[in-house]
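> here's a sequence, model it:
(chains A and B)
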Amino acid sequence: MNRKFFSKYDSILLLVIFLIAGVVYFWPRFFAEDQKTVEIYADTALVEQIDCSQLLKPTEYEINGVVIEVSSAGARILSSPCPDQICVRQGELRENGDTAVCAPQRVVVKMTTKEKKQQDAIVY
Amino acid sequence: MHDFKVSRINPLFIIIPLSLFLVAAVLWDLVPKQQEPIEKTAFAMGSALTVTLYGGTEETADQISQQVQLLEHRISPTVSDSYTSFINRNLSAVTDADYSGDLRLFMEWGAETEGAFDLTLGAVSALWDIGGENERVPSEAEIQQAMKVSGWANLVIDGNTVRIPEGMQIDFGAVGKGMACDEAKTVLQADPSVSGAVVASGGSVLLYGDSPDGAWTVGIQHPDKEIGETIAELQLEEGFVSTSGNYQKYFIRDGKRYCHILSPQTGYPAETGLKSVTVVADSGALSDALSTACFVLGYEKSLPVLERFDAQAVFITDENEVIPTDGLTDALTLQAA
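Here you go, the predicted structure:
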């Protein structure tokens, strides 16, 4: 008996192979864990670049008297000798582009990831 | 015995899915990925200056920083050889036409905001020193003494000569960061390779050219939450946005909170039922000046002033009610509490 060129089972098999190939190709592009990097600048010069995924426990860095805590989740300024303490009230940096600035001590802490920024700017 | 027959695999099973997969992968990779912006941070005007450029070059970003630092050297009262410092020390100076022109314009804005915008309150601000190392509540007598020599009516501009009475201190704090955004725009206009840019100087922001996403998204800081957490978002085209609020620079004495925005009428921190005002305007200096003026005036009195300057605003009240003016109703999205 002549075999049908494309049976129902052939179509299902075709679809399954196609789906597997698609998943293998696109999955890492959509769902890859985003790498978090914390950059610390002093007087606009990059002085520390920390890959958060490499940190087993929260680690403190001191730059121009400003104490910054970096963990696998994010970063925050813990203390600063500046009078206004605005930088300390910045809270934790978690998302791409989140930035804490201590203008008096000239320190900038910035979170960078591959995620898209939620907002182009924040006014405060 | 069963007779097992093994059918030959049709080569199309491999060829067709692989071909489809390859086509899909190529198409995916051909989808234009968003251009990586150039980002630079510098320090100027007493805060961070953040430049984000789409297109353009690092030189353009550096030029913006340099231009803003030059502005700071002309107008900042903390730079010892600025025009402002010279005038504050010597009570008189012959300045360049830009400086005297700016002061003249700001005097007009002072009049048009019913005195709510006033750059001559430096002596009163120095008494309070809010955000500084000597924060205190001055005595009533001290405030009255400083108020006597403050106010636009006491400032004289004759050609390019600026004169102030003894004791007055000019302070560009209410407008300097907006002026920085204006300087940034001038630099950007000279570089046609820049398709879009965001320049933030403290609480003032320049939105320039086209956003890669169609519109620029600007978050408005939540007055009661950590810096970076927003209460609302604005979707905007080109323009300038500035916010003045009572939640960043303040101190608390005997349970009372004193914010850094002073009323030119009383010399005390302004209390008008607002936590912040965000203004969208056609110039950085104007958006910055109006955000301070509207905070001092309160919601009702601000509306005719905003109309006069063809500007829009978002008010956040003491109860965290978010009130936009008519021109921003569609652009505003409230964030989840």
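> quick check: A:M111 touching A:E92?
No - in this structure A:M111 lies outside contact range of A:E92 using C-beta atoms under 8 Å: 9.1 Å. Yep, even glycine has a C-beta here, placed from its N, CA and C like the rest.
> can you list the residues of the stretch 101-250 of chain B near chain A?
Neighbours of chain A within the stretch 101-250 of chain B, by C-beta under 8 Å from any C-beta of the partner chain: B:131-133, B:135, B:198, B:200, B:203-205, B:207, B:211, B:216-221, B:225-230, B:233, B:241-243, B:245, B:248-249.
> please enumerate the helices of the stretch 201-337 of chain B.
Using DSSP state H, counting those that start in this stretch, the helices of the stretch 201-337 of chain B run over B:284-297, B:299-308.
> next one: the stretch 51-200 of chain B
Assigned by DSSP H, counting those that start in this stretch, the helices in the stretch 51-200 of chain B fall at B:58-75, B:83-90, B:97-112, B:122-128, B:140-148, B:176-189.
> tell me which residues of the longest one are tucked away?
The reference is to helix B:58-75. B:60-61, B:63-65, B:67-69, B:71-72, B:74-75 (16 or more other C-beta atoms under 10 Å in any protein chain shown).
> tell me the contacts of the residue in chain A that chain B sits nearest to?
Residue nearest to chain B within chain A (C-beta to the nearest C-beta): A:G91, separated by 2.8 Å. When contacts are counted by C-beta atoms under 8 Å, 6 or more residues apart in numbering or on different chains, A:G91 touches A:76, B:225-229.
> can you lay out those residues as CSV showing distance to B:A190, pLDDT and neighbour count?
Formatted as CSV, the contacts of A:G91 follow (distance: C-beta to C-beta, whole Å; pLDDT from 0 to 100; neighbours: other C-beta atoms under 10 Å in any protein chain shown):
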residue, distance to B:A190, pLDDT, neighbour count
A:R76, 39, 95, 22
B:K225, 39, 93, 15
B:E226, 38, 87, 12
B:I227, 33, 85, 20
B:G228, 32, 86, 22
B:E229, 36, 90, 15
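> what about these, which are in strands?
Among the contacts of A:G91, DSSP state E puts A:R76 in strands.
> please identify which of the contacts of A:G91 is nearest to B:L332.
For the contacts of A:G91, the residue nearest B:L332 by C-beta to C-beta is B:E229; the value is 16.9 Å.
> pretty sure that closest one sits against B:P223.
No - the pair B:E229 / B:P223 is not scored as a contact, 10.0 Å apart, by C-beta under 8 Å.
> tell me the SS of B:V26?
Secondary structure assignment for B:V26 (DSSP: H, G, I helix; E, B strand; the rest coil): helix.
> tally of neighbours for it?
Neighbours of B:V26 under the rule other C-beta atoms under 10 Å in any protein chain shown: 9.
> that one and chain A: what is the separation?
Distance, B:V26 to chain A, using C-beta to the nearest C-beta, to the nearest Å: 11 Å.
> in chain A, where is pLDDT below threshold?
Within chain A, the ranges that satisfy pLDDT under 70 run A:1-6, A:28-34.
> do stretch B:326-337 and chain A meet?
No - figure legend: stretch B:326-337 not in contact with chain A (C-beta under 8 Å from any C-beta); closest approach 10.1 Å.
> just the CA coordinates of that stretch, formatted as CSV?
Extracted in CSV, the C-alpha atoms of stretch B:326-337 (Å, rounded to 0.1, in the frame of the first residue of the first chain):
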residue,chain,number,x,y,z
ASP,B,326,-5.7,70.1,32.4
GLY,B,327,-2.8,69.9,29.9
LEU,B,328,-1.2,66.9,31.7
THR,B,329,-4.3,64.8,32.5
ASP,B,330,-3.8,62.4,29.6
ALA,B,331,0.0,62.3,30.1
LEU,B,332,-0.3,61.2,33.8
THR,B,333,-0.4,57.7,35.1
LEU,B,334,-0.7,57.0,38.8
GLN,B,335,1.6,54.3,40.2
ALA,B,336,0.3,51.5,42.4
ALA,B,337,0.4,52.4,46.1
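> appreciated, that's everything.
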